[in-house]
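Undergrad: Structure here, sequence nowhere to be found:
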């Protein structure tokens, strides 16, 4: 897959710039999703996605094929999102829940069931309420924590890939993820009813 990306980049560098559209088509959804998760703003996510592709397009001659193109692209998205938050002079931002992609899909799958029992309905309502509370808690996470959590749990990148992408030591990445989880856990313990 990455080899295909490099072939397209080489064609772009040889003057066939129109093939860059293939890279945009391939990664557009992934780039937008990451930008959205880091900004919680659909319009800003579109702008950041577009800016990321423009920035990459203008820098194709600096691409190093020993690294994944997708990591280079996602690092650009992450940096643009961090810049966005800095310009807003905020140190908090929203983030989708770490497990939301799987949990939300499970909830949606249950909603399509034809025969819904009262217990199933209660379970779905509780899960939806939990998702809402978790999102609220994640809104409080600082952008640096949110960025590494999105890269790790949403984009499924390894600690090593995140470390290379953000140019931070692996220990820093692990510490930020650990602290983000701890902050989220503390928030949830204060918000959720004790059983």
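TA: Now that the structure is in, tell me what you want to look at. Please read these numbers as outputs of a predicted model, since none were measured by experiment. Numbering: from 1, shown residues only.
Undergrad: the helices in the protein, which residues?
TA: 2-13, 20-39, 42-58, 69-87, 100-111, 118-138, 143-149, 159-166, 170-191 (DSSP state H).
Undergrad: Could you check the angle the fourth one makes with helix 20-39?
TA: If you take axes from the mean of the first three to the mean of the last three C-alpha atoms, to 10 degrees, helix 69-87 sits at 40 degrees to helix 20-39.
Undergrad: show me the contacts for the residue nearest the centre of the chain.
TA: The chain has residue 34 as the residue nearest its centroid, 3.3 Å off, counting by C-alpha atoms, centre = their mean. Residue 34 sits next to 74, 77, 78, 81, 150, 151, 154, 155 when contact means C-beta atoms under 8 Å, 6 or more residues apart in numbering. All C-beta spots, glycine's among them, are computed from the backbone N, C-alpha and C.
Undergrad: Is it possible to mark the buried ones in the residues you listed?
TA: Among the contacts of residue 34, those classed as buried by 16 or more other C-beta atoms under 10 Å are 74, 77, 78, 81, 150, 151, 154, 155.
Undergrad: lowest average confidence, helix or strand, in this protein?
TA: Across the helices and strands of the chain, mean confidence by mean pLDDT, DSSP states H and E is lowest for helix 100-111: a mean of 44.
Undergrad: what bits of this protein have low per-residue confidence?
TA: Along the chain, the model assigns pLDDT under 70 to residues 1-2, 88-125, 134, 138-139, 193-195.
Undergrad: Many thanks, have a good one.
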